[in-house]
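Q: Okay, here's the prediction I keep looking at, along with the sequence it came from:
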Amino acid sequence: MSRLIRSRFPNWINNWINRRIPRADVQVLTQRNLFILPTAAGVVFGLLLLIMLLTGINYQNSLIYLVTFLLGAVFVGAMHQTHRNLSGLELTLVQAGEGFAGDDVIFRLRVAAGKDDAIALTLSGDEREVPVAHVPAGQSADVSLPVPSVFRGYLRPDRIRIETRFPFGLLKAWTWMRPVASAVVFPRPIVAPEAISAVDDGEQTASSRSPEGNDHAELRPWRDGDMSQRVMWKRFARSGQMVVADWEADKGSPHWLDFNAFAGTDHELRLGYLSWLVLERSKSGARFGLNLPGQVIDPDSGPAHATRCLRALAVWGEEKPRDTSAAQHGSRKRADIHKPEEATLGAQL
Amino acid sequence: MSFLSRSNDEADNQSKSLPSRALLWLIASFALLMTPQLDRLPLWLIFTCVALAGWRWLAQQGRVRLPGRWLRTGIMLVLVAVYLVRVQGSFTVDTAASFFVLTVGLKWLETRTARDFYVLFYILVYLATVNFLFHQEIHWALVNMSAIALLLIGLQVLNAPELPGGMKAGWRRLGVMLLKVLPVVVLLFVFFPRMEPLWSVPLVSGQARTGISDTMRPGDISSLAQSSERAFRVTFGGPMPAYRNRYWRGLILDTLDDGTWRQGTNAPFRSPGRVNIDGGVGELQPREYDVLMEPTDQRWAFALEGSVAVSDNVIKESDDLFRFRRPADSSIRYRLARGGAAAPANATLGPGEADRYLQLPPTGNRKARALAADLKRSNNDIGVIRTLLNRFREQPYYYTLRPPKMPNDGIDSLLFDEKRGFCAHYAGATTFVLRAAGIPARVVVGYQGGESGAGDEYLIVRQYDAHAWVEAWIEGRGWIRVDPTAAIAPDRIESGLRDAVADEGSFLENSWGSAQKYGDVAIIQWASLQLDRINYQWQRWVVGYQGQSQLNLMSRLPGGFGMRELGYFTAGIVGAALLIAGLFSALQMRWGLSRGRYQRVLGAWYQLCVRAGVPVRHGETPAALAARLAVAEPVVADSARLFARMINSHYYRPQTTPQSPQDDAEDLKRLRRLLVTMKRQLHRARKKRPGMLRPNPYSGKHSD
């Protein structure tokens, strides 16, 4: 929607709106920031009134005059009513959610009606509409607004629109909220190449993994690049084979997820791999650390740790969106960005 | 702006979600709007509309499916074909209106989306408008207005289907809104300049209306006597004339042809003027009277003998008759004055005219001719008339609503055999005899009588008051009225048809629903008259409020309002109404806005802090703010802390110890005093540091 707005409004109108509606997570709707215009239905209604007036004039019919004036006055009354539906309402961004790129990120908003009932509201973000049925005067309701995300990083809809057309749909009153808080969008998980090879190695790997996810070490032949600590030297002494133990879920051995492990691949792609790895590790309850350029997260386990790692991946190299002039976040138009396509993977998460 | 595209996108969703209740209101409104049209719509069309709307409703219930595109087109083509066959090329307002109704009916089949709903809404609103062209009585106005109210309720339901409080809340909201806008509507109605029609519009209905016609066969008027519909209503400036003098002349029939009286010379063609129902304004002068006539689709106006035209919309023509400038296709008001005896009687009848009023068929009714010759031999002209009337009075002639059939030589059998007839029979026979006796004579058709409305304020003349009588030309005296009915049934002329046929019991014998039939039941009579009075006032003052009456009303206001001033004034009303509404909501915002008095005080304090250079952070507690303020402006430190503590103690007071209103008021007073103190302290502190720059007051309330 906001992109539509961008193309629809000339720049100066946009600037004017932005000046009128400063960024805030709490917005009380007043005359200052409420807009009201007739809908297309309202415009046609106006034309109808004009035709009715012409009929009244030509047939010199007082009653047609009367009904025309009555409907015209109802139109103005509806303007008042539509405006009152929204005025005094307080819109609060309670929580900007988190999610993986390509998914809908939930923004939780609270709508608290003022002195008047707020009837038939619609919240809309980027191309999504959420009807909020009815908030009686003095009460509040929570609404979840899904905002589609495309890229990892901070996601902040430029404008969240709240609109009402009640009572007759002839007029619409609306305002935008320009939130300060932004959601964090994790990189879309992409199956890491190392892991793929591990799966290729043997069918039994999956079954050999115990449900508890510890103790069982995975044994495989030595490859170039394996750390010498992990070679099972005792076994080597017995059989002369270099066997490496893959400590899948051994709490005792910290496993580092390293940004630099995927040499030669695109940064965003690496983040995708790491995201997948973080999910894999946390699923099996493994202990792992994350090594990003400029940021190191010490090994730990548990969901909180996983989230922390994902956040770090999400915002790596990203500036927290600050103010009005900034470009829209969450919709960077970088040409070289690898667009995640593994929809099936994301769906399982 | 996104209305059209939105409904396109959501067409599929909305077909399921078009709320049933909204549709129900729409259908109810349609049914209500059909009722004023019922008498003019063809029966097949009514059934078709009921069927189509019923189909739509069943589809909404999920019992049947809406027709697909091909079936829909087929139904449309068939119905339009039926319509065209039925109409047979005659284009009148009636056929146009029925076509309009047909389109509404067809639209039901494709009401799937919110947009279709709005289209139907527009059409139905216009249908209500069209209804006003045909019916302007107060009850029809109420029906139309209720239908529009139903439509508005339907729109509300469409826009908020799951509204708690349901219909009651919806009606209340609509009612409150209507009450609020009513003053503006009334002002606009009074002051909106009533312009001349922009172009001339025909409103000629093909519908046959009840009323007198321009031909008279002997049975015609007695069938009219079975109708209690209103013909017109009259208000007199002075006293009402006596019953027997209430002869309302409409038209003159001067040619007898095959037993039928008709107008000999066609009325001169005059192109119809624009709609103009201005019927004179101002107080009625003593001799003036004001007629509000129901639509007849004819140009005849009814007038007492010897009247002159006062309002512009009637013209006096030859033979003392009045004609409208255009057929009376809607109810029409006009004003005349009784001229008294001043009517100039031209002394002689031109030769052409004499021939015209002596015309008789060459043969037939030999006995009547013999009677005429007999009378002529022994009397002068006046004597002939007198003798003839005496004959009616003395011989057993009867006035009856059930006359026998007299197919051959009707006048002979009436005068000599049957001796039973209605006013039309006797008027025709009298004219025949007078003409046979060489006296120029003519049949006059109109109404005679009329009952007083409620409060004796005005006269109601109904169709059963229709009457026919005779005028004869007497050399030296001009046209004189000869009413054979007065000789046969004096009751008819003295007190009306009801008394005249009381013995026979034939008064309105076939109209069971008519209130007039039960005229002897006091309560029915009373209710009927009161209803009529309301309608009469409605028609005179609301429906008839048009150009001249508006200007007349305005001219009584100081300042001499003309059309242009009215225009300015109207614009002023609209502007003022909008301004007041705006101001009202602004004030509501400012003072209402869910803010208590504490919040207002708090708001004032925030402003003060901002001015002191301490912008309020979002979510900051009063205590924290006071601490920061104290750092920035040490002079107000104590007051600020106290203020914050009081605010805290108000908002975080335990629920168990409610504070009395008096304490509340005390606290508020102290808070306000503290505010003033702080302001003064700040002011003083600033004076001491004149070099200091004033902090930017626009550093927003919620710093990012």
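A: Cool, got the structure.
Q: residues contacting the residue nearest to residue B:247 when sequence neighbours are not counted?
A: Spatial nearest neighbour of residue B:247, chain neighbours left out: residue B:448 (5.4 Å); criterion: Cβ to Cβ, 6 or more residues apart in numbering or on different chains. Every residue, glycine included, has its C-beta placed from N, CA and C. When contacts are counted by Cβ atoms under 8 Å, 6 or more residues apart in numbering or on different chains, residue B:448 is found next to B:246, B:247, B:248, B:465, B:467, B:469, B:492, B:493.
Q: list the contacts for residue B:391?
A: By Cβ under 8 Å, 6+ apart, the contact set of residue B:391 is empty.
Q: Show me which residues of the particular helix or strand that has it in it are buried.
A: For residue B:391, the host element (DSSP states H and E) is helix B:381-394. Buried residues in helix B:381-394, counted by 16 or more other Cβ atoms under 10 Å in any protein chain shown: B:381, B:384, B:385, B:387, B:388, B:389, B:391, B:392.
Q: What pLDDT does the model give the nearest residue to the second one once chain neighbours are set aside?
A: Spelled out, it's residue B:384. Nearest non-adjacent residue to residue B:384, counting by Cβ to Cβ, 6+ apart: residue B:375, 4.7 Å away. What the model reports for residue B:375 is a pLDDT of 88.
Q: State the distance from residue B:375 to residue B:386.
A: Distance from residue B:375 to residue B:386, counting by Cβ to Cβ, to the nearest Å: 10 Å.
Q: Show me where chain A dips below the pLDDT cut-off.
A: Residues of chain A that meet the criterion pLDDT under 70 lie in A:1-8, A:194-219, A:224-230, A:245-254, A:322-349.
Q: chain center to stretch A:87-107, what's the gap?
A: Chain-centre distance of stretch A:87-107: 7 Å, with Cα atoms, centre = their mean, to the nearest Å.
Q: go on, stretch A:77-95?
A: The answer for stretch A:77-95 is 25 Å, by Cα atoms, centre = their mean.
Q: again with stretch B:478-489
A: 39 Å.
Q: Equivalent analysis for stretch B:108-125, please.
A: Counting by Cα atoms, centre = their mean, stretch B:108-125 comes out at 26 Å from the chain centroid.
Q: do you know how far the residue located most distally from the centre of chain A is from chain B?
A: Most distant from the centre of chain A: residue A:60, at 60.2 Å, with distances by Cα atoms, centre = their mean. Noted for residue A:60: a distance of 5 Å to chain B, by Cβ to the nearest Cβ, to the nearest Å.
Q: Find the helix or strand that that residue is a member of.
A: Taking DSSP H and E as the definition, residue A:60 sits outside all helices and strands.
Q: My read is that it contacts residue B:197, right?
A: Yes: applying Cβ atoms under 8 Å, one finds residue A:60 in contact with residue B:197, separated by 6.3 Å.
Q: how about the strands in the stretch 151-300 of chain A?
A: Assigned by DSSP state E, counting those that start in this stretch, the strands in the stretch 151-300 of chain A fall at A:153-155, A:160-164, A:171-177, A:183-186, A:218-221, A:243-246, A:255-258, A:288-292, A:295-300.
Q: looking at the ones you listed, which is closest to residue B:511?
A: With distances scored as Cβ to Cβ, the stretch of the strands of the stretch 151-300 of chain A nearest to residue B:511 is strand A:171-177 (50.4 Å).
Q: Direction included, what does that closest one pair against?
A: Using DSSP bridges, the strands paired with strand A:171-177 are strand A:35-38 (antiparallel), strand A:160-164 (antiparallel).
Q: next one: that strand to chain centre, how far?
A: 22 Å.
Q: So what touches that strand?
A: Strand A:171-177 is contacted from outside by A:17, A:21, A:24, A:27, A:29, A:33-39, A:42, A:75, A:78-79, A:82-83, A:85-86, A:91, A:93, A:109, A:159-165, using Cβ under 8 Å, 6+ apart.
Q: Pull the CA coordinates from it and hand them back as CSV.
A: The C-alpha trace of strand A:171-177 is given here as CSV (Å, rounded to 0.1, in the frame of the first residue of the first chain):
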residue,chain,number,x,y,z
LEU,A,171,-17.3,8.8,3.1
LYS,A,172,-14.1,7.4,4.4
ALA,A,173,-12.1,8.8,7.2
TRP,A,174,-8.6,7.5,7.7
THR,A,175,-5.3,8.3,9.1
TRP,A,176,-1.9,6.7,8.9
MET,A,177,0.3,5.6,11.8
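Q: if we can go back for a sec, reformat the strands paired with strand A:171-177 as JSON lines; add distance to residue B:484 and mean neighbour count.
A: Formatted as JSON lines, the strands paired with strand A:171-177 follow (distance: least, Cβ to Cβ, whole Å; neighbours: other Cβ atoms under 10 Å in any protein chain shown):
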{"stretch": "strand A:35-38", "distance to residue B:484": "69", "mean neighbour count": "16"}
{"stretch": "strand A:160-164", "distance to residue B:484": "76", "mean neighbour count": "23"}
